[in-house]
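Chemist: Can you look at this prediction? I've put the sequence above it.
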Amino acid sequence: MPDLVAHLRRAALPLQDKDDLAPLLDAVGNARYVLMGEASHGTHEFYTWRCALTKELIRQKRCAFIAVEGDWPDCYRLNRYVKGYPDCGQSAEEVLQTFDRWPTWMWANREIIELAEWLRRHNESLPQDEPVGFYGLDVYSLWESMEAVVGYLESQDPELARDARAAYKCFEPYGGDAHAYARATLMAPRSCEKQVMDVLHKLRARMPEYQEDGREVLYNVEQNALIARGAEEYYRAMVRGGPDSWNVRDRHMMETLERLIAHHGHKARAVVWEHNTHVGDARYTDMEEAGLFNLGQLVREKHPAPGQTFLLGFGTHHGTVMAGYEWGAPMERMQVPPAREGSLEDLLHQACNAASDAHEKAWDRLMLIFDGTADGGVPGLDAVIDHRAIGVVYNPRTERWGNYVPSIVPRRYDAFIFVDSSRALDALHLPPDMHQQPPDTWPSGT
């Protein structure tokens with residue numbers, strides 16, 4: 001596809017330091033929902049460039065919070081730290097060391113430490129009632145969220161705490177194993193759905209009595225009760241197979257995002273970090289044929305007015321990545337082989353190296369900003385193209401049979417950042433012999 005490579009080179013903007021993000025910030029405009037993707041959950045450059053852009057969105061656009069593809073209880077601990085709450089920890093690293101749900105490296109990494117410490121310093125310069133928060137959107141934390149609800153009620157409302165403990169005992173036979181609970185519901189019609197709903201309803205009915213605890217504390221306990229409800233539904237759907245569990249999860253993330261907007265004020269602006277498969281509009285991939293929708297699609301559908309949403313994708317051609325060979329396996333720094341021939345990443349790799357004359361240098365990174373037309377302003381890009389997606393579970397040797405999502409790229413995203421050669425992020429929980437030097441490729445000036 002030599003013509004498409006040439007068109008991509010002409011449309012692309014080089015990306016060397018944070019000042020090069022100015023056209024992207026202009027394109028974001030006054031969007032209230034800025035969703036940033038990643039082609040893997042373990043790539044240093046995806047995190048650092050999202051950090052650089054997020055800081056500018058907070059500084060220039062006054063975004064009110066960051067919401068990520070992470071567990072609410074874990075992320076709320078980091079939220080307390082960046083806001084400087086009492087007894088919130090001595091450092092971001094201390095807080096992130098407590099993130100122990102696999103895959104720990106997604107948020108317990110030095111890239112997030114840098115962002116969290118910057119956010120703490122930034123919040124110190126803001127009025128006390130306007131700190132920028134950090135929250136998790138995900139639905140996995142069934143047991144942790146139930147414990148958080150009971151823990152709050154034990155100090156504030158012992159009677160309701162007893163009711164909540166009694167209701168949550170429905171899960172007790174499964175020993176803290178959500179998958180065991182889910183499998184049990186597959187074999188028998190009994191579930192704990194009614195019990196988690198009862199706790200949520202009773203909590204909401206009594207919340208006016210707890211107002212002296214403050215909006216943020218009450219928001220946190222209510223959100224944990226909502227997560228218990230959502231997680232119970234998610235794990236039941238997961239064992240049945242099909243698209244239901246994916247859709248339950250992304251619908252929960254959408255509902256949480258909308259609740260965060262309401263909590264921060266109807267004019268608040270949000271920055272969201274998730275995988276490309278959640279951020280890039282599912283309607284322009286093969287996900288729709290499988291009955292799947294995602295967060296990016298839901299946000300666009302809920303807020304269709306021009307300029308309300310902005311979806312940014314990321315990709316890389318080759319390098320290394322942090323991942324595991326199977327769910328729950330030890331994290332490993334794996335090789336990412338050169339992208340499949342004819343894929344988006346292969347075409348962008350060629351575009352990076354398609355210097356028009358001897359005086360023009362090859363690029364290490366580039367940025368595409370689409371113009372809203374079918375091809376995004378890049379002739380030929382309206383065709384379906386394979387686009388790489390690496391999850392927390394990854395096997396480079398089998399990549400040729402998977403890991404690519406057929407996509408109409410300029411409809412799936414509003415812009416795209418490409419890193420030709422990337423490296424694994426710097427995780428906190430690595431064995432000593434796997435630790436590398438602190439990151440030295442941050443976008444300058446951040």
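Modeler: Right, received. Where do you want to start?

Chemist: hey, let's count contacts and neighbours off CA atoms from now on
Modeler: OK.

Chemist: any weak-confidence spans in the chain?
Modeler: For the chain, the stretches with pLDDT under 70 are 188-189, 356-359, 431-446.

Chemist: again, 50 this time
Modeler: 435, 437-442, 444-446 (pLDDT under 50).

Chemist: same for the longest helix anywhere in it, what does it pack against?
Modeler: In the chain, with assignment by DSSP state H, the single longest helix is helix 215-240. Using 3 or more C-alpha pairs under 8 Å, 6 or more residues apart in numbering; DSSP states H and E, the elements in contact with helix 215-240 are helix 72-82, helix 142-156, helix 178-187, helix 193-206, helix 244-264.

Chemist: could I get those helices as JSON lines with mean neighbour count and distance to Glu45?
Modeler: Listed next are the helices and strands packed on helix 215-240 as JSON lines, based on neighbours: other C-alpha atoms under 10 Å; distance: least, C-alpha to C-alpha, whole Å:
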{"stretch": "helix 72-82", "mean neighbour count": "23", "distance to Glu45": "21"}
{"stretch": "helix 142-156", "mean neighbour count": "19", "distance to Glu45": "31"}
{"stretch": "helix 178-187", "mean neighbour count": "16", "distance to Glu45": "33"}
{"stretch": "helix 193-206", "mean neighbour count": "17", "distance to Glu45": "40"}
{"stretch": "helix 244-264", "mean neighbour count": "19", "distance to Glu45": "25"}
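
Chemist: could you redo the ones you listed as JSON lines and give each row distance to Ala362?
Modeler: Shown next, in JSON lines, are the helices and strands packed on helix 215-240 (distance: least, C-alpha to C-alpha, whole Å):
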{"stretch": "helix 72-82", "distance to Ala362": "39"}
{"stretch": "helix 142-156", "distance to Ala362": "49"}
{"stretch": "helix 178-187", "distance to Ala362": "49"}
{"stretch": "helix 193-206", "distance to Ala362": "57"}
{"stretch": "helix 244-264", "distance to Ala362": "39"}
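
Chemist: List the buried residues in the longest helix of the chain.
Modeler: Residues of helix 215-240 classed as buried: 218, 220-239 (neighbour count, 16 or more other C-alpha atoms under 10 Å).

Chemist: Strands along the protein, start to end?
Modeler: Applying DSSP state E to the chain gives strands spanning 13-14, 33-36, 65-68, 133-136, 270-273, 309-323, 332-336, 365-369, 385-388, 404-407, 415-422.

Chemist: Can you list the neighbours in contact with the third one?
Modeler: Defining contact as C-alpha atoms under 8 Å, 6 or more residues apart in numbering, one finds that strand 65-68 is touched by 132-138, 257, 269-274.

Chemist: again with the first one
Modeler: Strand 13-14 has contacts (C-alpha under 8 Å, 6+ apart) with Asp20, Trp363, Arg365, Leu366, Met367, Leu368.

Chemist: List the neighbouring strands of that strand plus their orientation.
Modeler: Counting by DSSP bridges, the strands paired with strand 13-14 are strand 365-369 (antiparallel).

Chemist: and the gap between Arg283 and Asp371?
Modeler: Separation of Arg283 from Asp371 (C-alpha to C-alpha, to the nearest Å): 18 Å.

Chemist: quick one: which of these two has more around it?
Modeler: A count of neighbours by other C-alpha atoms under 10 Å puts Arg283 above the other of Arg283 and Asp371, at 19 against 15.

Chemist: My guess is that one contacts Arg412. True?
Modeler: Yes: contact criterion C-alpha atoms under 8 Å: Arg283 and Arg412 qualify, at 7.5 Å.

Chemist: still on that earlier bit, go through the strands of the chain and pick out the most buried.
Modeler: Across the strands of the chain, averaging neighbours per residue (mean count of other C-alpha atoms under 10 Å) puts strand 33-36 on top, at a mean of 27.

Chemist: Centre of the chain to it, how far?
Modeler: In this view, strand 33-36 has its centroid 10 Å away from the chain centroid, taken as C-alpha atoms, centre = their mean, to the nearest Å.

Chemist: That one - contacts with which helices or strands?
Modeler: With contacts defined as 3+ C-alpha pairs under 8 Å, 6+ apart, the packing partners of strand 33-36 are strand 270-273, helix 276-279, strand 309-323.

Chemist: Let's have those in a markdown table, adding distance to Glu212.
Modeler: Compiled in a markdown table, the helices and strands packed on strand 33-36 are given as follows (distance: least, C-alpha to C-alpha, whole Å):
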| stretch | distance to Glu212 |
| --- | --- |
| strand 270-273 | 27 |
| helix 276-279 | 37 |
| strand 309-323 | 35 |
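
Chemist: coming back round to it: now the strands of the chain as TSV including distance to Asn294?
Modeler: Shown next, in TSV, are those (distance: least, C-alpha to C-alpha, whole Å):
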stretch	distance to Asn294
strand 13-14	28
strand 33-36	12
strand 65-68	14
strand 133-136	16
strand 270-273	13
strand 309-323	12
strand 332-336	26
strand 365-369	22
strand 385-388	17
strand 404-407	14
strand 415-422	18
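
Chemist: Which of the ones you listed sits closest to Arg397?
Modeler: strand 332-336 (9.5 Å; C-alpha to C-alpha).

Chemist: what's the spatially most central residue of the chain in contact with, if anything?
Modeler: When C-alpha atoms, centre = their mean is applied to the chain, the residue found nearest the centroid is Glu274 (2.2 Å). Residues counted as contacts of Glu274 (C-alpha under 8 Å, 6+ apart) are Leu35, Met36, Gly37, Glu38, Val68, Glu69.

Chemist: Let me see the domain layout of this structure.
Modeler: 2-68+269-434, 142-264 (automatic domain parsing).

Chemist: what distance separates the start and the end of the shortest one?
Modeler: Its first and final residues considered, domain 142-264 spans 25 Å by C-alpha to C-alpha.

Chemist: Output the domains of the chain as a markdown table; include the columns distance to Ile112.
Modeler: Listed next are those as a markdown table, based on distance: least, C-alpha to C-alpha, whole Å:
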| stretch | distance to Ile112 |
| --- | --- |
| domain 2-68+269-434 | 8 |
| domain 142-264 | 20 |
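
Chemist: so which of those comes closest to Gly84?
Modeler: In terms of C-alpha to C-alpha, the element of the domains of the chain nearest to Gly84 is domain 142-264, at 13.3 Å.

Chemist: can you give me how far that closest one is from the chain middle?
Modeler: Domain 142-264 has its C-alpha centroid displaced from the chain centroid by 21 Å (C-alpha atoms, centre = their mean).

Chemist: Equivalent analysis for stretch 137-145, please.
Modeler: Using C-alpha atoms, centre = their mean, the offset of stretch 137-145 from its chain centre is 15 Å.

Chemist: Residues contacting it, please?
Modeler: Applying C-alpha under 8 Å, 6+ apart, the external contacts of stretch 137-145 come out as 67-73, 176, 178, 224-225, 227-228, 230-232, 234, 249, 252-253, 256-257.

Chemist: And for Trp72, nearest residue in space, chain neighbours not counted?
Modeler: In space, and not counting its chain neighbours, Trp72 is closest to Gly136: 4.2 Å by C-alpha to C-alpha, 6 or more residues apart in numbering.
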